[in-house]
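Chemist: Here is my input, please return the structure:
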Amino acid sequence: MLKSKRQLVWSACLILCFSLTALIKLDVRADSKKEYLDSLTVGISQIVDPTADSVNEKAIEELTQISEASASEQEEESDLVMVNVQVAMNVRAEASEESDKVGVLYKDCGGRILERKDGWTRMKSGDLIGWASDEYLLFGEEARAMADDVGNLIVMIETDTLRVRREPDSQAEVFGLLAEDDELEMIEYVDDDWISVDYEGETGYVSAEYVNVDFHIDAGETLAAIREREEAERQAKLKANQGAVVVGGDDTKLLAALIQCEAGSETYNGKLAVGAVVMNRVRSGAYPNTVSGVIFASGQFTPALNGKVARVYTNGKISDSCYDAARAAINGETNVGGATHFRRAGNHDGIQIDNQVFW
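Modeler: Numbering: from 1, shown residues only. Sure, this is the predicted structure:
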């Protein structure tokens, strides 16, 4: 009997130690982030009955000592690391301030420790792998506390299409549809069948059967990712709608005629860019506020000054793509931002499209 009880205690000990090694793994049945983290520190009394005989009491004492030692060891060996900066910090190729920069970690980012030496930590955060100074990092319990504070439980869709409903009921009204691999921030488990999520600022409900829940911490960026993001942002600004201008049909034809003269042999993007320059001038207080006023302003567009625009306008030999570009530019579309000048590509800095540069 004594041996059997001791075997039970040691089995419980192994179960507890095993659970502690999963310190930062997600228990998808936790109702919230806090409850999940609390579930990682289940008391011994939930494993061994504290009301049993003295053999159990001694076993509990032994198990307590073992579990405390395991928790301490786990604290030291936890591979969770969090960034403790106000804005951002650089990540280096080697453990030195003189080493090449490979990426950036931002406030509240986290990752996994790969190696530590000489006051530096080699870590993986998303796609970023490199060395960061320990001066700006948190480890152990401090890292875990920050992760609890800034991390989120994320619901990931694992079916082709998933309905988000207004109530936890398969017959409830549908909020919207989610595609596979979409992600939403989780609010809580409603029951075994439904999870509440943040859907466009409101509470929605998705079926637990078709989703996976994971614990998410923001990750750093590699230099390549930063360059790609900045280029995408630049392109977005260049293409931001400038606002439509009310014009007459004659103005649309006149702008199309100018585009035909200045960019008739260019791609549609080149045509749109010329039209956008004209309309940017119309919107600007530094130029006339009409299409004709801008086009025929002294010393501006050579085809307008030498009569070519007038001839094209009168003869009506204007391509459909030039008309399309004119209408788009009048409606505020642009691929050169607020540029108000262009010329043949050469020594001038600016945005080159086809054979012309815009600024």
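
Chemist: make it CA atoms for all contacts and neighbour counts henceforth
Modeler: OK.

Chemist: can you pull the contacts of residue 255?
Modeler: 275, 278, 291, 295, 326 (CA atoms under 8 Å, 6 or more residues apart in numbering).

Chemist: ok, and the closest non-adjacent residue to residue 358?
Modeler: The shortest distance from residue 358 to any non-neighbouring residue, by CA to CA, 6 or more residues apart in numbering, is to residue 342 (4.3 Å).

Chemist: What number of residues are in the vicinity of that neighbour?
Modeler: 18 (other CA atoms under 10 Å).

Chemist: Next up, the contacts around it.
Modeler: Per CA under 8 Å, 6+ apart, neighbours of residue 342: 274, 277, 356-359.

Chemist: Which one of those is nearest to residue 318?
Modeler: residue 274 (14.8 Å; CA to CA).

Chemist: Does the closest one belong to a helix, a strand or coil?
Modeler: Three-state assignment for residue 274 (DSSP: H, G, I helix; E, B strand; the rest coil): helix.

Chemist: now residue 232, what's its secondary structure?
Modeler: helix.

Chemist: Show the pLDDT at it.
Modeler: Residue 232 is assigned a pLDDT of 84 by the prediction.

Chemist: if we can go back for a sec, most neighbours of all the contacts of residue 255, which one?
Modeler: residue 326 (30 neighbours).

Chemist: That one contacts residue 256, correct?
Modeler: Yes: look at residue 326 against residue 256 with CA atoms under 8 Å: they come within range, at 5.2 Å.

Chemist: Which secondary structure element is home to residue 338?
Modeler: In this structure, residue 338 sits in neither a helix nor a strand according to DSSP states H and E.

Chemist: For this structure, which residues score under the pLDDT cut-off?
Modeler: 1-77 (pLDDT under 70).

Chemist: which ones are touching the spatially most central residue of it?
Modeler: Centroid-nearest residue in the chain, with CA atoms, centre = their mean: residue 218, separated by 9.1 Å. Counting by CA under 8 Å, 6+ apart, residue 218 touches 108-110, 151.

Chemist: now do residue 267
Modeler: residue 354.

Chemist: could you redo the last one with a cut-off of 10 Å?
Modeler: 273, 321-322, 353-355 (CA atoms under 10 Å, 6 or more residues apart in numbering).

Chemist: circling back: most neighbours, which of the contacts of residue 342?
Modeler: Within these, most neighbours by other CA under 10 Å means residue 274, with 32 neighbours.

Chemist: what about the helices in the stretch 201-350 of the chain?
Modeler: 223-238, 249-263, 268-283, 291-295, 302-305, 308-315, 320-330 (DSSP state H, counting those that start in this stretch).

Chemist: looking just at contacts, which helices and strands does the last one meet?
Modeler: The elements that helix 320-330 packs onto, with contact taken as 3 or more CA pairs under 10 Å, 6 or more residues apart in numbering; DSSP states H and E, are helix 249-263, helix 268-283.

Chemist: Out of those, flag the one nearest residue 210.
Modeler: helix 268-283 (43.2 Å).

Chemist: in that closest one, what counts as buried?
Modeler: 269-283 (16 or more other CA atoms under 10 Å).

Chemist: Equivalent analysis for stretch 133-142, please.
Modeler: Applying 16+ other CA under 10 Å to stretch 133-142 flags 133-134, 137-140 as buried.

Chemist: what do you get for stretch 86-105?
Modeler: Applying 16+ other CA under 10 Å to stretch 86-105 flags 88-96, 101-105 as buried.

Chemist: Residues contacting that stretch, please?
Modeler: The contact list for stretch 86-105 (CA under 10 Å, 6+ apart) reads 82-85, 106-109, 111, 116-123, 125, 127-133, 136, 218-226.

Chemist: do you know how far residue 280 is from residue 203?
Modeler: To residue 203, residue 280 is 43 Å away according to CA to CA, to the nearest Å.

Chemist: Ok, residue 271 next?
Modeler: For residue 271 relative to residue 203 (CA to CA), the value is 46 Å.

Chemist: How about the contacts made by the closest residue to residue 129 other than its chain neighbours?
Modeler: Sequence neighbours aside, residue 123 is the residue nearest to residue 129 in space, at 5.7 Å (criterion: CA to CA, 6+ apart). By CA under 10 Å, 6+ apart, the contact list for residue 123 reads 79-81, 91, 110-116, 129-132.
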